[in-house]
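Asker: here is the input, now give the coordinates:
(chains A and B, ligands or ions: 2)
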Amino acid sequence: MRQSKGIAHHAPPPPTGPVPYDQEFSQVLLRDMLRIRRLEEKSAELYGAAKIRGFLHLYIGEEAVATGALHALTPEDNIVATYREHGHALLRGVPMGRIMAEMYGKKEGCARGRGGSMHLFDADARLFGGNAIVAGGLPVAVGLALADSMRGTGRVTACFFGDGAVAEGAFHESVNLAALWQLPVLFCCENNLYAMGTALECYESQPDLTAKAASYGVKALAVDGMDVVAVHEAVKAARTRIAAGQGPIFLEFKTYRFRAHSMFDAELYRHRDEVEEWKTRGPIHTFSARLKAEGKLDEAQFLALDREAEQEVEQAVEFAEAGEWEPVGDLLKDVYTPGGPA
Amino acid sequence: MSHMSYREALRRSLQEALRQDPRVFLMGEDVGRYGGTYAVSKGLLEEFGPERIRDTPLSELGFVGAGIGAALGGMRPIVEVMTVNFSLLALDQIVNTAALYRHMSGGQFSVPLVIRMATGAGRQVAAQHSHSFEGWYAHIPGIKILAPGTIEDARCMLAPALRDPDPVLLFEHTVLYNMEGEVPDECRVDISSARVRREGSDVTIITYGGSLPKALEAAETLAAEGIRAEVLDLRVLRPLDDATIMASVRKCRRAVVVDEGWRSGSLAAEVMARIVEQAFYDLDAPLARVCSEEVPIPYARHLEEAALPQPEKIVAAVRTMLGA
Ligand SMILES: Cc1ncc(C[n+]2csc(CCOP(=O)(O)OP(=O)(O)O)c2C)c(N)n1
Ligand SMILES: [Mg+2]
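Answerer: Numbering: from 1, shown residues only, chains lettered A, B, ... in the order given. Ligands and ions are numbered 1, 2, ... in the order given. Modelled structure (predicted):
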């Protein structure tokens, strides 16, 4: 391992071992990581062009988490996510065009332009947001699981949140409730080692986040979040246990964000060398390399997948560009549900 | 007609809802084994079991948020928060999540959640158990605010609140729990209108919740002096029923607003602003209000009484207005 004073958090060794999937599914995982990556890169570009405004949080570097996890869930499961959720929305089947249109603020967006980048919603995809209050989604996820437990639906609720959320009271109240009532919740902590500019060890008395969840009697495991295979296997196993009524599970995905926290971030709090080291463990190229070594991918196929992803992004941008602004006359719509009792 | 207490009326409304709709359940601190902090849910655990009368940990933020999730997930939760002071620990979920879901999702998700809580002073439980924050909540678009001030509303407001597709907060004033009165056998109340509780023609006393009985008492005193005060019960603090307020004010041409919230930035201020906007030229006198004094509610009985709106203060405000 390279030693440098500038590196506070070294990257784990690159994932090894055989990829336990056939060629088709392996390429699906790769394709979806590429789709997220290209969507995010284009979003950053469009932010620079002032097409997207407000806060924009990119998932570049963390793609293996959403990809591995969401492919291990069923379409009936519930998803609760944060403001860093473009990838989650995309892999839940929200069309990329509707995600892009939402970031443009157009009425064709998946929240009609009312939410923007941080508040992607889709009822059909059972995507319950896009919550920009750190840890705000956790109690809601517990409630969704409570409803499923009372109604016997067999659904699992997967709740994504950052390492920063673990310091919030909402995290502790939620994990306690889920454990107390043995609810079907999968707590997915995307530990990218920083909450904005504050490193984990600067804000957590106990930086082992699994220890926190475990103290509530919840099964808690740390997973290499840079390895799509490790993520997928962990979530598959966790979902099976949860669906069998064995209570909630906490998974800590150790990952890293390659870009700034949002578009307003000079990255004063971490050294370039650290970012560069983690980039060498990027989830897309390490996975591609493994697939190539196993004969499940060749360069032509990789390029074809990448081109497909870029085409999807181009079409999404066209869709967003062609979209319309909601008439200002509709401003007060959807504060309350139409047709409530008098 | 049957005779019962405000507490009993609330309990009957819960019981009825739980019997009629299997999606309804009650959750909160000490709602089950303890029987409810104010004994509203006493006996419900025995009838409906611990799944539907669900004791929670001391986690206001957690279980109010869980109520939101359960509502999104197809249930019809009733969440009880012990008192409005404690609801501040859940403020984030109420204001940043429940109130915003419908809008942020572009109309895709509604949150059919009812949150009940006790509010108000008058029982010498001091500053951290006595405040009236319903006016604060009434500031927030996306939620509805109810304040039953009669036995009938205590008995009947829950059903329409549960039918409402959006979050509804129901404020029960603690001094009213023991109040007794008649309720009709069939509920016919809405959760959209204000009601005239006593007809009059000289001045409208506009109030709600725990101040309603005080306003009615003041009107009785004034009647003995030949002043006919109309008493208007807002009932619904958000959205406000402007039409009923203005109709009464236009008739009486004078109005006093009585609100247990503090004067500055109060609901009373909002009601007065609306009257000024909509009925200024129908007024014969400047508006007046009787609010809580700008002090945390004190423990000592005489100071607590002095801090709150009282019938005598209402009478005095009306007399001053009429130059009587
Ligand atoms: C309750 C709350 N406090 C502060 C913020 C401002 N904020 C937005 S993101 C963030 C960092 C969160 O870090 P983490 O949970 O690790 O997620 P990450 O951004 O790393 O994915 C902060 C402090 C917020 N949105 N909500
Ligand atoms: Mg983080």
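
Asker: might you report the residue contacts of the nearest residue to A:Val94 once chain neighbours are set aside?
Answerer: Excluding the flanking residues, the one nearest A:Val94 by CB to CB, 6 or more residues apart in numbering or on different chains is A:Asp122, at 4.7 Å. (Glycine included, C-beta is placed from N, CA and C.) A:Asp122 makes contact with A:89, A:92-94, A:98, A:110, B:108, according to CB atoms under 8 Å, 6 or more residues apart in numbering or on different chains.

Asker: farthest-separated two in those?
Answerer: Largest separation among the contacts of A:Asp122 by CB to CB: A:Gly93 and B:Gln108, giving 14.5 Å.

Asker: compare these two and say which one has the larger neighbour count.
Answerer: B:Gln108 (19 against 13; other CB atoms under 10 Å in any protein chain shown).

Asker: the helices in the chain, which residues?
Answerer: Just so you know, I chose chain A. For chain A, helices defined by DSSP state H occupy the ranges A:23-48, A:63-70, A:86-91, A:96-104, A:137-151, A:169-180, A:200-203, A:209-214, A:228-243, A:272-279, A:283-293, A:299-322.

Asker: should've been chain B
Answerer: Under DSSP H, chain B gives helices at B:6-20, B:44-52, B:60-72, B:84-87, B:91, B:101-104, B:134-137, B:151-156, B:158-163, B:212-224, B:242-252, B:267-279, B:301-307, B:311-322.

Asker: what's the most buried one of those helices?
Answerer: Of the helices of chain B, the one with the most neighbours on average (mean count of other CB atoms under 10 Å in any protein chain shown) is helix B:60-72, at a mean of 30.

Asker: contacting residues for the residue in the stretch 101-250 of chain A positioned nearest to ligand 2?
Answerer: Relative to ligand 2, the nearest point of the stretch 101-250 of chain A is A:Gly162 (3.7 Å; CB to the ion). Counting by CB under 8 Å, 6+ apart, A:Gly162 touches A:82, A:84, A:134, A:189-192, A:195.

Asker: need the residues of the stretch 51-200 of chain A near ligand 2, please.
Answerer: Counting by CB under 5 Å from the ion, the residues of the stretch 51-200 of chain A close to ligand 2 are A:162-163, A:192, A:195.

Asker: ok, 6 Å please
Answerer: Neighbours of ligand 2 within the stretch 51-200 of chain A, by CB under 6 Å from the ion: A:162-164, A:192, A:194-195.

Asker: out of those residues, the closest to A:Pro327 would be?
Answerer: Nearest to A:Pro327 among these, with distances taken as CB to CB, is A:Gly162, at 36.5 Å.

Asker: from ligand 2, how far out is the closest residue to ligand 1 within the stretch 201-324 of chain B?
Answerer: Nearest residue of the stretch 201-324 of chain B to ligand 1: B:Gly265, at 24.4 Å (CB to the nearest ligand atom). Remark: distance between B:Gly265 and ligand 2 (CB to the ion, to the nearest Å) = 37 Å.

Asker: and if you look at A:Ala69?
Answerer: Remark: distance between A:Ala69 and ligand 2 (CB to the ion) = 16 Å.

Asker: A:Ile60 and A:Ala72: what is the separation?
Answerer: For A:Ile60, the distance to A:Ala72 equals 22 Å [CB to CB, to the nearest Å].

Asker: please name the bridge partners of the residue nearest to A:Val94.
Answerer: Using DSSP bridges, the bridge partners assigned to A:Asp122 are A:Leu127.

Asker: so what's it scoring on pLDDT?
Answerer: We have a pLDDT of 98 for A:Asp122.

Asker: and the residue lying closest to B:Cys252 once chain neighbours are set aside, what does it touch?
Answerer: Computed as CB to CB, 6+ apart, the closest residue to B:Cys252 that is not its neighbour in sequence is B:Thr204, at 4.5 Å. Residues near B:Thr204 by CB under 8 Å, 6+ apart: B:229-232, B:248-249, B:251-252, B:254-256.

Asker: closest to chain A among those residues?
Answerer: Nearest to chain A, judged by CB to the nearest CB, of these is B:Leu232 at 18.9 Å.

Asker: how about the residue nearest to B:Cys252: which residues does it bridge to?
Answerer: Counting by DSSP bridges, B:Thr204 is bridged to B:Glu230, B:Ala255.

Asker: per-residue confidence at it?
Answerer: 98.

Asker: just A:Ser4 next, same as before
Answerer: Residue-level pLDDT assigned to A:Ser4 equals 52.

Asker: so what's the residue count around the residue nearest to A:Lys106 when sequence neighbours are not counted?
Answerer: What sits nearest to A:Lys106 in space, not counting adjacent residues and going by CB to CB, 6+ apart, is A:Gly323, at 3.3 Å. For A:Gly323, the count of nearby residues is 20 (other CB under 10 Å).

Asker: what do you get for B:Val196?
Answerer: Neighbours of B:Val196 under the rule other CB under 10 Å: 15.

Asker: gap between the closest residue to it other than its chain neighbours and B:Pro148?
Answerer: Spatial nearest neighbour of B:Val196, chain neighbours left out: B:Leu232 (5.6 Å); criterion: CB to CB, 6+ apart. Distance, B:Leu232 to B:Pro148, using CB to CB: 15 Å.

Asker: repeat for B:Cys252
Answerer: From B:Cys252 over to B:Pro148 (counting by CB to CB), the distance is 24 Å.

Asker: bridged to the residue of the stretch 101-250 of chain A closest to ligand 2, which residues?
Answerer: With DSSP bridges as the criterion, A:Gly162 is bridged to A:Glu190.

Asker: follow-up on the earlier one: out of the helices of chain B, the one nearest A:Ser117 is which?
Answerer: Proximity to A:Ser117 (CB to CB) singles out helix B:101-104 among the helices of chain B, at 12.1 Å.

Asker: which residues are in contact with the closest one?
Answerer: Contacts of helix B:101-104 (CB under 8 Å, 6+ apart): A:111, A:114-115, A:119, A:121, A:129-130, A:334-337, B:68, B:72, B:109-111, B:141-142, B:166.

Asker: got the CA coordinates for it in CSV?
Answerer: These are the backbone C-alpha positions of helix B:101-104, laid out as CSV (Å, rounded to 0.1, in the frame of the first residue of the first chain):
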residue,chain,number,x,y,z
TYR,B,101,-44.8,14.6,0.6
ARG,B,102,-47.7,15.4,-1.6
HIS,B,103,-46.0,18.4,-3.1
MET,B,104,-42.4,17.2,-3.4
